[in-house]
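# prediction below, plus the sequence it came from.
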Amino acid sequence: MALPAQFKAVQHHIRTAQEHDKRDPVVAYYCRLYAMQTGMKLDSKSPECRKFLIQLMDQLETMKKELADNESVSQELVGNAHIENYALKMFLYADNEDRAGSFHKGDERGGAFPSVGTLAPEENLLFDVLSVFGELSEENIQHRKYARWKATYIHTCLKNGETPVAGPLAMEGAEEGPVGLWLSRLAS
């Protein structure tokens, strides 16, 4: 099913879902659910968008039936915990890779996890997906904000042929307030 241009904002969520179909179907399910909910807000009127959303709904219904015995899908609280734990695991992995200075554009090592350069966007997408369960906690908002900032920083450095500085860096305007406090905890 081709993604309509109006849904460009969720293309990475759809791709992340596809990448997790075998690895973690629960993550795949909630990424698609987020894409559907967001897509309905973006455009549920045009014929191509309606067709895409109906196909996505059918896919979600099929997945829900296949995962009926999985509490992470049948119970919202368990699903929330599953996605949050997965997002935090990815965040911590990326942070450890970042602190070790492991910057490269792809999974050149052939390992189970992508590089910090490709992982940072994925983990911040997973923080977006948490919004299917309601408002994000302040801590998860800060994680998402830092992940987005760090992903942009790493991507820009790699694109420009520069070596990113490893470890947490002060974000512009983050010296004060919760982001600064959170970054100071990360640095220790």
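Looks like it arrived, so ask away. This is a predicted model, so every value here is computed, not measured.
# number of residues surrounding residue 90?
Neighbour count of residue 90, defined by other Cβ atoms under 10 Å: 22. The way it works is simple: take the backbone N, C-alpha and C, and place the C-beta from them, glycine included.
# roughly how far does it sit from residue 56?
24 Å (Cβ to Cβ, to the nearest Å).
# likewise for residue 167?
39 Å.
# now do residue 95
From residue 95 to residue 56 the distance is 32 Å (Cβ to Cβ).
# now swap in residue 2 and tell me
As for residue 2, its distance to residue 56 is 12 Å (criterion: Cβ to Cβ).
# give the buried residues for the helix or strand hosting residue 90.
Remark: residue 90 resides in helix 76-99, with elements defined by DSSP states H and E. Within helix 76-99, the residues that qualify as buried are 79-80, 82-84, 86-88, 90-91, 93-95, 97-98, counting by 16 or more other Cβ atoms under 10 Å.
# equivalent analysis for stretch 23-32, please.
In stretch 23-32, counting by 16+ other Cβ under 10 Å, buried: 24-32.
# over to stretch 155-162?
Neighbour-count burial for stretch 155-162, with 16+ other Cβ under 10 Å as criterion, is recorded at 155, 158.
# same question, stretch 45-61
Across stretch 45-61, burial judged by 16+ other Cβ under 10 Å covers 49, 52-53, 56, 59-60.
# look up how far residue 160 lies from the residue positioned nearest the centre of the chain.
Nearest residue to the geometric centre of the chain (Cα atoms, centre = their mean): residue 125, 1.9 Å. According to Cβ to Cβ, residue 125 and residue 160 sit 24 Å apart.
# re earlier: so what's the residue nearest to the centre of the chain up against?
Residues in contact with residue 125, defined by Cβ atoms under 8 Å, 6 or more residues apart in numbering, are 12-13, 16, 31.
# so residue 22 is in which element?
Residue 22 is part of no helix or strand, with elements assigned from DSSP H and E.
# residue contacts, it?
Counting by Cβ under 8 Å, 6+ apart, residue 22 has no contacts.
# with residue 62 instead?
Counting by Cβ under 8 Å, 6+ apart, residue 62 touches no other residue.
# that one: what secondary structure?
For residue 62, the assignment made with DSSP: H, G, I helix; E, B strand; the rest coil gives helix.
# going forward, count from 764.
New numbering, starting at 764: the last item is residue 825.
# would you mind measuring from it to residue 785?
Separation of residue 825 from residue 785 (Cβ to Cβ): 15 Å.
# check what pLDDT residue 929 gets.
In this model, residue 929 is scored at 78, pLDDT.
# now do the SS call for it.
At residue 929, secondary structure determined by three-state DSSP is coil.
# could you report the neighbour count for residue 779?
Counted with other Cβ under 10 Å, residue 779 comes out at 23.
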